[in-house]
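In: would you be able to build a 3D model of this:
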Amino acid sequence: MVVLGALLGLVSVLIWLRIWLHPACPWDFQPVGDDEPIPSPPSEWPSVCILVPARNERDSLPQTLPALLQQDYPGPFRVVVVDDRSQDGTAESARALAHEAGAVGRLHVVKGKDLPAGWVGKVWALEQGATFALATQSPKYLLLTDADIRHAPNSLRRLVSESESRHLALNSRMARLRCVSQAERLLIPPFVFFFNLLYPMRQVNDRHSRVAAAAGGCVLLATEALMCAGGFACIRDRIIDDVSLAQQIKAQGVSLQLALSRTEVESLRIYDSIAALWIMVRRTAFTELRYSWVRLAGAVVGLVLMFLLPPLWLIGGLVWSVMDASGGIAASSVSAVLVLAGLGASMLMARVYQPAVRFFGLSEHWVWTLPVASLLYGAMTVDSALRYATGMRIGWRDR
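Out: The predicted model follows:
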């Protein structure tokens, strides 16, 4: 058992070393799109249609829709809100906001139809919005954004400038998530951290890499690339629609870009409790594992090995040292191995997680909460799998 414990500790250290030395540096929270200067403007600004799928978003729209309607964009653009069978007056709220902003002619509200078999709710809403846009305007780009995402006045200008100058078929920003409540401080930085480990942004942005991903809250998509992929029908049954869309687009051999946003693209969704975040994560956690129980077992083992073992080995080794202070050389050697393995892995974990904590403006002591957050995410993933097995699934915007 002592030898096994030492080996597991060594494995944990090696895993964190591999992450730290990864060529793409997925842990350093780069690139941040807002930090770069806006590229030179194109000779002619292309037309854009902003698609906003909205289901029961009356409370969110007043904080986000006016900013979309009043974008500082020199070219032609309009906003299409797809009212996905809302029951709270979402459509009426959108029209009233357009009137207040003096942009009635720029807003179009599409009444969503019943969900067809084989489609996921958000993707079906996007399909209806794209169908309307292409039938009435033929825009070069579609900006896909959620009703709870607030854009800075120059957001569209920057995204289009980047896409035009870099010939991007898909240009996505990971919106800055709210990180105010204690639950958010504990779980939001790890959420983005884990995403970056799964989909290193530098590899996503490398045309020759097979890694593809996007953040669904903000995606500027070339209409031509979408049509080549078969429209939104190509991802009609995908719960993780953003990553699936990016994979379909990158398969065409075109360029993608994914970057973080510090201030220009911001999510206003409030997660004021662990329960609220739990519901959000469990909706897609087992889907990310492709509904595989083998992958689930591997994920749980991996979480234990990477995040829980280091502090347990460190604390256990220290306790053993105190209890067996007179236990002889063998006991001292065992405790020393455990302490060194636990300390080494814990320090590497803290070093790798530090940029996430700094990005969200948290104090440094939050680096030590990653094992607790990982334990909770593991439980959410297991819950997601159990709900899938029992048929207790939740849909888009369900609470």
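In: helices or strands up against the helix or strand hosting S161?
Out: Counting by DSSP states H and E, the element that carries S161 is helix 155-166. The contact analysis (3 or more C-beta pairs under 8 Å, 6 or more residues apart in numbering; DSSP states H and E) places helix 155-166 against strand 48-54, strand 141-145, strand 168-174, strand 218-222, strand 255-260. Backbone N, C-alpha and C define where each C-beta goes, glycine included.
In: contacts only, for S209.
Out: Residues counted as contacts of S209 (C-beta atoms under 8 Å, 6 or more residues apart in numbering) are Q203.
In: which SS state does it fall under?
Out: State at S209, reduced to three classes by DSSP: H, G, I helix; E, B strand; the rest coil: coil.
In: relative to M201, how far out is it?
Out: 11 Å (C-beta to C-beta, to the nearest Å).
In: got it, and L221?
Out: 18 Å.
In: surely L7 is in a helix?
Out: Yes - per three-state DSSP, L7 lies within a helix segment.
In: next one: N196 from P310, what distance?
Out: 20 Å.
In: same check on L61?
Out: From L61 to P310 the distance is 45 Å (C-beta to C-beta).
In: neighbour count winner among those two?
Out: Neighbours per residue, other C-beta atoms under 10 Å: of L61 and P310, the larger number sits with P310, 27 against 21.
In: need the contact list for the more buried one.
Out: For P310, the contacting residues are 9, 12, 341-346, 349, 371, by C-beta under 8 Å, 6+ apart.
In: compute the number of surrounding residues for the spatially closest residue to it that is not a sequence neighbour.
Out: Nearest non-adjacent residue to P310, counting by C-beta to C-beta, 6 or more residues apart in numbering: A345, 3.6 Å away. Look at A345: counted by other C-beta under 10 Å, it has 28 neighbours.
In: wait, is A345 part of a helix?
Out: Yes - membership of A345 in a helix is supported by three-state DSSP.
In: got a list of what it touches?
Out: The neighbourhood of A345, defined by C-beta under 8 Å, 6+ apart, consists of 9, 12-13, 15-16, 309-310, 313.
In: what segments of the stretch 251-399 of the chain are helices?
Out: Secondary structure of the stretch 251-399 of the chain (DSSP state H, counting those that start in this stretch): helices located at 274-282, 285-288, 293-303, 309-323, 329-359, 370-390.
In: columns distance to K140 and mean pLDDT on top of the ones you listed, output as JSON lines?
Out: JSON lines is the format used below for the helices of the stretch 251-399 of the chain (distance: least, C-beta to C-beta, whole Å; pLDDT from 0 to 100):
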{"stretch": "helix 274-282", "distance to K140": "33", "mean pLDDT": "94"}
{"stretch": "helix 285-288", "distance to K140": "32", "mean pLDDT": "92"}
{"stretch": "helix 293-303", "distance to K140": "39", "mean pLDDT": "95"}
{"stretch": "helix 309-323", "distance to K140": "50", "mean pLDDT": "79"}
{"stretch": "helix 329-359", "distance to K140": "32", "mean pLDDT": "84"}
{"stretch": "helix 370-390", "distance to K140": "38", "mean pLDDT": "95"}
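In: to A246, which of those helices lies closest?
Out: A246 lies closest, by C-beta to C-beta, to one member of the helices of the stretch 251-399 of the chain: helix 285-288, at 14.1 Å.
In: list of residues touching the closest one?
Out: 198, 239-240, 296, 377, 380-381, 383-385, 387-388.
In: with only the CA atoms kept, save that helix in PDB.
Out: What follows is helix 285-288, C-alpha atoms only, in PDB (Å, rounded to 0.1, in the frame of the first residue of the first chain):
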ATOM      1  CA  ALA A 285     -21.700  17.200 -18.100                       C
ATOM      2  CA  PHE A 286     -22.600  13.600 -19.200                       C
ATOM      3  CA  THR A 287     -23.000  14.800 -22.800                       C
ATOM      4  CA  GLU A 288     -19.400  16.000 -22.700                       C
END
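In: element containing L226?
Out: Assigned by DSSP H and E, L226 belongs to helix 223-228.
In: could I get that helix in PDB with only the CA atoms?
Out: The C-alpha coordinates for helix 223-228 follow below in PDB (Å, rounded to 0.1, in the frame of the first residue of the first chain):
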ATOM      1  CA  THR A 223     -22.900  32.600 -43.400                       C
ATOM      2  CA  GLU A 224     -21.100  30.800 -46.200                       C
ATOM      3  CA  ALA A 225     -19.300  28.400 -43.800                       C
ATOM      4  CA  LEU A 226     -22.700  27.700 -42.100                       C
ATOM      5  CA  MET A 227     -24.300  26.800 -45.400                       C
ATOM      6  CA  CYS A 228     -21.400  24.600 -46.400                       C
END
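In: averaged pLDDT, that helix. What do you get?
Out: For helix 223-228, mean pLDDT rounds to 97.
In: after it comes which helix or strand?
Out: Toward the C-terminus, helix 223-228 is succeeded by helix 241-250 as the next helix or strand (DSSP H and E).
In: mean confidence score for that following helix?
Out: Averaged over helix 241-250, pLDDT sits at 97.
In: go on, stretch 120-133?
Out: Here the average pLDDT along stretch 120-133 is 96.
In: and it, what's buried?
Out: 120-130, 132-133 (16 or more other C-beta atoms under 10 Å).
In: how about those in TSV, adding distance to D88 and secondary structure?
Out: Below are the buried residues of stretch 120-133 laid out as TSV (distance: C-beta to C-beta, whole Å; DSSP: H, G, I helix; E, B strand; the rest coil):
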residue	distance to D88	secondary structure
V120	21	coil
G121	16	helix
K122	17	helix
V123	22	helix
W124	19	helix
A125	16	helix
L126	20	helix
E127	23	helix
Q128	19	helix
G129	19	helix
A130	24	helix
F132	22	helix
A133	25	helix
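In: among the residues you listed, which one lies nearest to G253?
Out: G253 has its nearest neighbour among these in A130, at 22.3 Å by C-beta to C-beta.
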